[in-house]
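**Q** I would like to see how this sequence folds:
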Amino acid sequence: MSNMAESPSSPKSENLAALYWRSEILQVMYWLRGEGFGDLVDAGLIERFLGVDAAIGITYLDKLVAEGYLVRDLDFFQLSEFGLERGAMEFAESFADLTKPTHGECSADCWCHASADEADACLAARLHHDHDDHPHQH
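**A** So this is what the prediction gives:
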């Protein structure tokens, strides 16, 4: 799920298509859950977030139920415990490049994430460090 708004055309071979749609659906359902849409979602809601080939992706819902990733309750689907874990992994892998610290940015365990005062102090220290690395030329 490289981008929630648009999705590349899905693979044509059945094996790759099944893997692709499993990843896309698990990511969408994980994201929907995290955004407060609830644990139980219908195919229509999932389809709205899948992208251009959404109708094709929806055909894989029953396969994901059979494989243990989803639980079905009439017309609604829910991530199983296994599906929730896998969805979290798929989502994290998909957005890993966006969540990595960039040059000069702090890591996830930096104290600046704990308080506004620490964030200000950390930013000031980084700016001072960058300033020392690149002295102004007159």
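
**Q** please parse the protein into its domains.
**A** Domain assignment for the chain, taken from automatic domain parsing, gives 14-99, 103-138.

**Q** okay, those domains in a markdown table with mean pLDDT and mean neighbour count next?
**A** For glycine as for every other residue, the C-beta is placed from the backbone atoms N, C-alpha and C. As requested, the domains of the chain are exported to a markdown table (pLDDT from 0 to 100; neighbours: other Cβ atoms under 10 Å):
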| stretch | mean pLDDT | mean neighbour count |
| --- | --- | --- |
| domain 14-99 | 90 | 16 |
| domain 103-138 | 61 | 10 |
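
**Q** count the neighbours of the residue nearest to Leu19 when sequence neighbours are not counted for me.
**A** Once flanking residues are discounted, Leu19 sits nearest to Pro11: 8.0 Å by Cβ to Cβ, 6 or more residues apart in numbering. Residues lying near Pro11 (other Cβ atoms under 10 Å) number 13.

**Q** now Pro11, what's its secondary structure?
**A** Applying DSSP: H, G, I helix; E, B strand; the rest coil to Pro11 yields a three-state assignment of coil.

**Q** name the helices or strands packed onto the host helix or strand of Gly44?
**A** Secondary structure assigned from DSSP states H and E places Gly44 in helix 43-50. Using 3 or more Cβ pairs under 8 Å, 6 or more residues apart in numbering; DSSP states H and E as the contact definition, the elements that helix 43-50 packs against are helix 14-34, helix 54-58.

**Q** which residues are in contact with the last one?
**A** The contact list for helix 54-58 (Cβ atoms under 8 Å, 6 or more residues apart in numbering) reads Ser7, Ser10, Ala17, Trp21, Glu24, Ile25, Ala43, Ile46, Glu47, Arg48, Leu50.
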